[in-house]
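Peer 1: model the structure of this input:
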Amino acid sequence: MTVNTIRVDRLPAVPWKNKGGITRAIAATPPGADFDVADWRVDISDIGRAGPFSTLPGIDRILLPLGAGLRLGFNGAAPAPVEIFQPIAFDGATPTACDLETDGLVQAFNLMLRRGRYTGHVLCFPGSGRVRESDGTVVLYAARGGFTLVVDGGPPVPLDVGHAAVHADAAVPLAFEPYRPWSMLIAAVIRPAA
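Peer 2: Down below sits the predicted model:
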């Protein structure tokens, strides 16, 4: 069993509901589903300006900044800095204000889960590692550097910076090792709700 890699910059760029940025969907269930109907979805988003996030009732969100300068505030609180590569979980229906400390874009890795149907978490690996779950799907994104992926002792697969991969059977072990210094791999682990 192998994984296929995806060049994220070649995925369609879709405007956010509130027009504050664009998003590129790496994977979703059902495949190709938008925010309104997806049971789960993993995106890379370009946050282009300050303003409120779109409200997504019934969705549990995990957002992980891929660059510095993002500030978020919830339920009317003043926006506070969110550290790079630190996942932050929140209810998609919560009023969320976004501010940027920079003039450019801030990219973010997003995991969105339909509450009651799927659960999940986001992990960061600055070095070698291994992921194995009893069931579910793992979505990988090389945020920096590059990694070699090996699924169940199979042939090595390179995952360069800006590329993603979907491992559809998390019960099959997946190992990875960086082949460039200063690498960072993001992994979203998605499982059906109990």
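Peer 1: going forward, measure contacts between C-alpha atoms and count neighbours the same way
Peer 2: Fine.
Peer 1: for this structure, which spans come out with low pLDDT?
Peer 2: 1-2 (pLDDT under 70).
Peer 1: so who does the nearest residue to residue 17 once chain neighbours are set aside touch?
Peer 2: Excluding the flanking residues, the one nearest residue 17 by Cα to Cα, 6 or more residues apart in numbering is residue 54, at 6.2 Å. By Cα atoms under 8 Å, 6 or more residues apart in numbering, residue 54 lies in contact with 16-18.
Peer 1: just those residues: which are in strands?
Peer 2: Using DSSP state E, the subset of the contacts of residue 54 located in strands is empty.
Peer 1: what's the closest of those to residue 47?
Peer 2: residue 16 (9.3 Å; Cα to Cα).
Peer 1: is that closest one in contact with residue 23, as I believe?
Peer 2: Yes: assessed by Cα atoms under 8 Å, residue 16 is found in contact with residue 23 at 6.6 Å.
Peer 1: which SS class is the residue nearest to residue 17?
Peer 2: Put simply, residue 54 is coil when judged by DSSP: H, G, I helix; E, B strand; the rest coil.
Peer 1: now it: how far from residue 16?
Peer 2: Counting by Cα to Cα, to the nearest Å, the gap from residue 54 to residue 16 is 8 Å.
Peer 1: filter the contacts of residue 54 down to the buried ones, PyMOL style.
Peer 2: Buried residues within the contacts of residue 54, by 16 or more other Cα atoms under 10 Å, are selected in PyMOL with:
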select buried, resi 16
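Peer 1: what is the nearest of the contacts of residue 54 to residue 146?
Peer 2: Nearest to residue 146 among the contacts of residue 54, with distances taken as Cα to Cα, is residue 16, at 28.6 Å.
Peer 1: residue contacts, that closest one?
Peer 2: Counting by Cα under 8 Å, 6+ apart, residue 16 has contacts 22-23, 54.
Peer 1: please repeat the previous calculation with a cut-off of 6 Å.
Peer 2: When contacts are counted by Cα atoms under 6 Å, 6 or more residues apart in numbering, residue 16 touches residue 22.
Peer 1: what's the separation between residue 16 and residue 28?
Peer 2: In this view, residue 16 and residue 28 are 16 Å apart by Cα to Cα.
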